[in-house]
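Trainee: Quick one, structure for this:
(chains A and B)
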Amino acid sequence: MVVKGIIKQGEYYDSVTLMLVARDATKIEGVEDAAVVMGTDQNKSILETSGILLDMFKDTIDSDLLIAVKAKDEKTAEEAFEKIDKLLKEKRAKTQEAGEYMPKSLEGALEFMPDANMVIISVAGKYAGDEAMKALQNGLHVMLFSDNVSIQKEIELKKYARNNGLLVMGPDCGTAIINGAPLCFANVVNKGKIGIVAASGTGLQEVSSVITNEGAGISQAIGTGGRDVKKDVGGIMFIEGMKALEEDPETNYIVLVSKPPHPEVLEKVAKLIKSEIRKPVVGIFLGGDPEVVKSAGAIPANTLEEAGLIAASLAKGKSLDDFKKLLEEREKEVTELAERESKNKKESQKYVRGLYTGGTLCDEAMLLSRRIIGEVYGNAPLNPEFKLKDSWISQENTFVDLGEDEFTVGRPHPMIDFTLRNKKILEEVKDPSVAVILLDVVLGYGSNMQPGDELAPVIKQAKEIAEKDGRNITFVSSITGTDKDPQDRKKVKKQLEEAGSIVMPSNAAAAKLASYIVKNLGGAR
Amino acid sequence: MRKISDLFKQELKAINIGLVSFKESLDDVGVKVIQVDWRPPAGGDEQVMDALKKLLG
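Mentor: Sure, this is the predicted structure:
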């Protein structure tokens, strides 16, 4: 094994580009590890942890591009360098294609596009706040994807925006749909009459996808970032977003998506609904009391799926009773499937392993499962007493959020890069106590573009491993997305089903099915 | 006085500062977008670490 390195001075690429290039390099036969990073101290410490911090890197600075490859021999390492070089050149050519003008600053961009109305910011948090303020001062709305923006800065930005009739979506806002355009991590949805305000990115994706899959559509979906509904920010943008949807003639229904807001924020929301909002409001505050939503004057939903179904029913002119009937049918389907899947298990098989890429989806699944099978273990469990000692080692019923820090250092988010979860799937099936593996697949822009191609063969392989040992493992998946997404939900569903997974219509339905199977097998607490 | 809801009546035209993939997805759906060739102001860079911490989560 050899470790070789190259330094390229003054070459700057964004972090996602670099991580994807590194990932492609590790696919070369004989390459054990590859890193392509800017030479910051933090990156160097990641290289050190991975055992590939070469002496030559020690005096590099932030603007140096570092490439390290660990391979079986020199020839393979050279091959990897060549591939990395080629990929970087391709990326650069793509961004500069057809002589597309690339201004160096926001001001330069405005000279070129004076009627721009939205700025999307995803640079490092310490720079992002200033860029956002610059955009607001130029009268532009802001989608602030970056995190690590201070709470003080967030409040300053949002107060300025409120006073000037502008949107600030974020910081840490992963997704929004404005005038039909999917921003950052969003799905391609139907155009329609339902407006969404969400303080949770994957929550917004799940609700807007369910609505689209039911044949209804979205007018606007405004993200606020999770901190907006906490006490300090006080729901500034959540409230402004609701007002904007009330004023919008293209919006007939409003859906609110969030973890439970701070009581003071909730009070403001309730007051607004009672005094100013005339359109029907559906609310899902994950983990909160539905009665509270009701007392605020909104129609409460128990799950993200329910919120989407209620809104879609209303938009299609159906009554709430119709919706209840639909819900009962779906529940019946779930219990019947659970019955079937409980029959072919060995006595040792009792537990579920939920391997999640979406944080909100993992939370929702744990909330639903807790009602059916009691507390579950995890790296971010609902009950702190059930925190895994080692996030990598599951026990009994376990739900892990693979998007948490301990899993993502040094690699792309698991919604983009399936390598880690695929490895975990193959480990979990070896445990004789496992009966069900529960998975989320999130489609849309920004996510993995070939989820079916990358996940289906692993499910198949995992089932074969268990079968050799005389065990049948039930795979339950949900797909957050639509048939219009670049990945195509229908196609991915077919691929997963052919590989042997049950594909449920929503994350909630998948979590319920998995939990009922566990309950039938005696794996509940 | 300008209102947020005015935005909903306009054609969306975006300026993207940061991850190029966000520009590409807007190109893909036919939204006008311009990419800023952004660099850290003082040559400093915490971007990779930030993105690793959260990268879309």
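Trainee: From now on I want contacts and neighbour counts done on CA atoms only, so please keep to that.
Mentor: Will do.
Trainee: On the three-state scheme, the residue most central in space within chain B is what?
Mentor: For chain B, the residue nearest the mean C-alpha position is B:Asn16 (3.2 Å; Cα atoms, centre = their mean). Three-state assignment for B:Asn16 (DSSP: H, G, I helix; E, B strand; the rest coil): strand.
Trainee: do you know how far it is from A:Leu402?
Mentor: Distance, B:Asn16 to A:Leu402, by Cα to Cα, to the nearest Å: 28 Å.
Trainee: low-confidence ranges in chain A?
Mentor: A:95-99, A:409-410 (pLDDT under 70).
Trainee: at 80 what do you get?
Mentor: Low-confidence segments of chain A (pLDDT under 80): A:10, A:12, A:14-16, A:40-42, A:62, A:92-100, A:405, A:408-412.
Trainee: centroid residue for it?
Mentor: Centre-nearest of chain A using Cα atoms, centre = their mean is A:Gly358, 4.1 Å out.
Trainee: give me every residue that touches that residue.
Mentor: Counting by Cα atoms under 8 Å, 6 or more residues apart in numbering or on different chains, A:Gly358 touches A:202, A:401-403, A:415, A:440, A:442, B:57.
Trainee: Which of the residues you listed fall within helices?
Mentor: Among the contacts of A:Gly358, DSSP state H puts A:Thr202 in helices.
Trainee: Considering the contacts of A:Gly358, which possesses the most neighbours?
Mentor: Neighbour counts for the contacts of A:Gly358 were taken using other Cα atoms under 10 Å in any protein chain shown; the highest belongs to A:Val442, which has 30 neighbours.
Trainee: Isn't it up against A:Ile479?
Mentor: Yes. Using Cα atoms under 8 Å, A:Val442 is in contact with A:Ile479, at 5.9 Å.
Trainee: Count the residues that sit near A:Lys89.
Mentor: 11.
Trainee: so it sits in a helix?
Mentor: Yes. With three-state DSSP as the criterion, A:Lys89 is assigned to a helix.
Trainee: picking up where we left off before, bridging residues for the residue nearest to the centre of chain B?
Mentor: A:Ile120, B:Gln35 (DSSP bridges).
Trainee: Run a quick neighbour tally on A:Thr76.
Mentor: Neighbourhood size, A:Thr76 [other Cα under 10 Å]: 18.
Trainee: what's in contact with the helix or strand where it lies?
Mentor: Assigned by DSSP states H and E, A:Thr76 belongs to helix A:74-95. For helix A:74-95, the external contacting residues (Cα under 8 Å, 6+ apart) are A:2-4, A:17, A:21-22, A:25-26, A:28, A:30-31, A:67, A:69-71, B:20.
Trainee: my read: A:Ala435 touches A:Val476, true?
Mentor: No. Applying Cα under 8 Å as the test, A:Ala435 and A:Val476 come out as separate, 10.7 Å apart.
Trainee: and the closest residue to chain B within the stretch 151-300 of chain A, what does it touch?
Mentor: At 4.3 Å from chain B, A:Gly165 is the closest residue in the stretch 151-300 of chain A, using Cα to the nearest Cα. By Cα under 8 Å, 6+ apart, the contact set of A:Gly165 is B:1-4.
Trainee: 10 Å instead, please
Mentor: Taking Cα atoms under 10 Å, 6 or more residues apart in numbering or on different chains as the criterion, A:Gly165 is in contact with A:136, A:139-141, A:240, A:244, B:1-7.
Trainee: Over to A:Val168?
Mentor: Counted by Cα under 10 Å, 6+ apart, A:Val168 has contacts A:118-119, A:132-133, A:136, A:140-144, A:154, A:157-162, A:222-225, A:236-237, A:240-241.
Trainee: Among those, which ones are in helices?
Mentor: Among the contacts of A:Val168, DSSP H puts A:132-133, A:136, A:154, A:157-162, A:236-237, A:240-241 in helices.
Trainee: what ranges do the helices span in chain B?
Mentor: According to DSSP H, the helices that chain B contains are B:4-7, B:20-28, B:47-54.
Trainee: Go through these and find the least confident stretch.
Mentor: Among these, helix B:47-54 carries the lowest mean pLDDT, a mean of 50.
Trainee: re earlier: would you mind putting the ones in helices among the contacts of A:Val168 into TSV with distance to A:Gln349 and neighbour count alongside?
Mentor: Listed next are the ones in helices among the contacts of A:Val168 as TSV, based on distance: Cα to Cα, whole Å; neighbours: other Cα atoms under 10 Å in any protein chain shown:
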residue	distance to A:Gln349	neighbour count
A:Ala132	52	26
A:Met133	55	21
A:Leu136	56	24
A:Glu154	48	22
A:Leu157	52	23
A:Lys158	51	25
A:Lys159	54	16
A:Tyr160	56	17
A:Ala161	55	24
A:Arg162	55	17
A:Ile236	49	21
A:Met237	47	28
A:Glu240	50	23
A:Gly241	48	28
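Trainee: tell me, which of those make contact with chain B?
Mentor: A:132, A:161-162, A:240-241 (Cα under 10 Å from any Cα of the partner chain).
Trainee: And the contacts of whatever helix or strand A:Lys332 lives in?
Mentor: Here A:Lys332 is covered by helix A:320-342, with elements defined by DSSP H and E. Applying Cα under 10 Å, 6+ apart, the external contacts of helix A:320-342 come out as A:299, A:305-306, A:309-314, A:349-350, A:435-436, A:472-475, A:502, A:504-505, A:509-521.
Trainee: I'd say the residue nearest to the centre of chain B and B:Ser25 touch.
Mentor: No. Taking contacts as Cα atoms under 10 Å, B:Asn16 lies outside contact range of B:Ser25: 11.2 Å.
Trainee: Quick check: phi and psi on A:Val168?
Mentor: Dihedral pair for A:Val168: phi -120, psi 110, per degrees, to the nearest 10.
Trainee: Farthest-apart pair in the ones in helices among the contacts of A:Val168, please.
Mentor: Greatest spatial distance in those: A:Met133 and A:Gly241, 18.9 Å, computed using Cα to Cα.
Trainee: about what we covered before: return the subset of the contacts of helix A:320-342 lying in strands.
Mentor: Mapping those onto strands (DSSP state E) picks out A:299, A:435-436, A:474-475, A:502, A:504.
Trainee: With neighbour count and distance to chain B as new columns, can these be given to me in CSV?
Mentor: Shown next, in CSV, are the ones in strands among the contacts of helix A:320-342 (neighbours: other Cα atoms under 10 Å in any protein chain shown; distance: Cα to the nearest Cα, whole Å):
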residue, neighbour count, distance to chain B
A:Ile299, 20, 24
A:Ala435, 31, 28
A:Val436, 28, 25
A:Thr474, 23, 27
A:Phe475, 26, 24
A:Ile502, 19, 25
A:Met504, 19, 23
